[in-house]
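# sequence below, structure please.
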Amino acid sequence: MGFVREDGLLDVGREFELAYTKFCPESEVKKVLLISSATSVPQEFYWKFAGYLAENGIAVYTFDYSGIGRSGSSIEALKLHSGGVKSWGSVDQTKITELVLGEYPNHKICLVTHSIGGQVLGFNPLNLKFEKVIMAASQSASWYMFKGFSRFKIYLFFNFFMRRLTPIFGYYPGSKVGIFEDLPGSMAMEWSRWGNQKEYMMQFHNENEYHFDQLKAEVRSYSFENDWLASKIGVDWLAKQYPKARVDRIHFTGKVNGLEPKHFGFFREHFKETFWESTLNWILE
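Okay, here's the model as predicted:
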């Protein structure tokens, strides 16, 4: 079986359009799935994983958050960006969810999140529409959730690189300092505030914007040994913020053919037989 790839732009009523890509099976569409990326990671990183699922009957959508990849990531656009981290869920993820529901109104919708994708899910008012959710290294990034040198690096990232450099440049210049990629200034400043709180985004909870208690999906939440960007306790913490979801927590240890998955391995072809196949089978159950 094969698939057809289609690129599109979605008007979300903001400074720039949202770039997305659809992988449509040439055969019958059995399920529909949306992939919500990690911070600074362009959607192309997930395309092999998306293609694998599409070859097996699942229509898959990937997209770039505003300020990332093809969704307004020029320096000028980053300086104009007016939304914080929450907007990646309340606007970007929500609008893509609306698109998917509109194109497949009679199908069950699933979601795969990577890192921050599982955080912004809580700001998507349509998250109750998801039947199943895979969270790969989706966590609290608060420096309180880390130990040893990892804690120091995360603390330094939020309190020096992000908090000090962003006001100077008008955006977070990740490509200049070699830590993450460039990020919108408004997003960087909100994220740094979260990262300095034990309760992370929940420190700023308000009922109008937070929809964590709506999610009722079956959830598989993965953490990975030696992942310095997502500690086990940080992944545990985020999973508990979805109190009505049916969560299966999986902490993966060890190696596959000599390699550890860490933060990005779930989506790499090296782990196809480990994570891709089990994800496919679980979604199609």
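# Leu34 is in contact with Ile109, isn't it?
Yes. Between Leu34 and Ile109 there is a contact under CB atoms under 8 Å: 6.9 Å. Using the backbone N, CA and C atoms, a C-beta is placed for each residue, glycine as well.
# the two: which has the busier surroundings?
Of the pair Leu34 and Ile109, Leu34 is the one with more neighbours under other CB atoms under 10 Å, namely 24 against 21.
# confirm that that one sits in a helix.
No. Counting by DSSP: H, G, I helix; E, B strand; the rest coil, Leu34 falls outside a helix, being strand.
# quick one: the strands in this protein?
Remark: strands assigned in the chain by DSSP state E are 3-10, 18-25, 31-36, 58-63, 109-114, 130-136, 171-172, 183-184, 218-224, 246-252.
# of these, which is nearest Tyr144?
Evaluated over those, closeness to Tyr144 peaks at strand 218-224, with 16.5 Å, by CB to CB.
# which residues of the stretch 151-285 of the chain score low on pLDDT?
The stretch 151-285 of the chain contains no residues with pLDDT under 70.
# for it, which segments count as helices?
Listed in chain order, the helices of the stretch 151-285 of the chain (DSSP state H, counting those that start in this stretch) span 163-169, 174-177, 185-195, 232-240, 277-284.
# buried sites along the last one?
Pointing back at helix 277-284 there. By 16 or more other CB atoms under 10 Å, the buried positions in helix 277-284 come out as 279-280, 283.
# can you check the shortest one too?
By neighbour count, and taking 16+ other CB under 10 Å as the criterion, the buried residues in helix 174-177 are Gly174.
# could you do the fourth one as well?
In terms of neighbour count (16+ other CB under 10 Å), helix 232-240 has its buried residues at 232, 234-239.
# what's the answer for the first one, then?
Neighbour-count burial for helix 163-169, with 16+ other CB under 10 Å as criterion, is recorded at 163, 165-166.
# same list (those residues) but as CSV, adding distance to Glu131.
Formatted as CSV, these follow (distance: CB to CB, whole Å):
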residue, distance to Glu131
Arg163, 39
Leu165, 41
Thr166, 38
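# which one of the residues you listed is nearest Asn124?
When the buried residues of helix 163-169 are compared for distance to Asn124 (CB to CB), Thr166 wins out at 25.3 Å.
# isn't the closest one up against Ser186?
No. With contacts defined as CB under 8 Å, Thr166 does not count as touching Ser186, sitting 9.1 Å away.
# any figure for the gap between Leu99 and Ile283?
Counting by CB to CB, to the nearest Å, the gap between Leu99 and Ile283 amounts to 19 Å.
# and what of Arg193?
Distance of Arg193 to Ile283, given as CB to CB: 35 Å.
# same question for Ser73.
Taking CB to CB as the measure, Ser73 falls 30 Å from Ile283.
# same check on Tyr210?
In this view, Tyr210 and Ile283 are 27 Å apart by CB to CB.
# number of nearby residues for the residue nearest to Tyr104 when sequence neighbours are not counted?
Once flanking residues are discounted, Tyr104 sits nearest to Val32: 4.6 Å by CB to CB, 6 or more residues apart in numbering. When counting by other CB under 10 Å, one arrives at 23 neighbours for Val32.
# hmm, back to that, make a markdown table from the buried residues of helix 277-284 and add distance to Glu15 to it.
A markdown table is the format used below for the buried residues of helix 277-284 (distance: CB to CB, whole Å):
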| residue | distance to Glu15 |
| --- | --- |
| Thr279 | 34 |
| Leu280 | 37 |
| Ile283 | 34 |
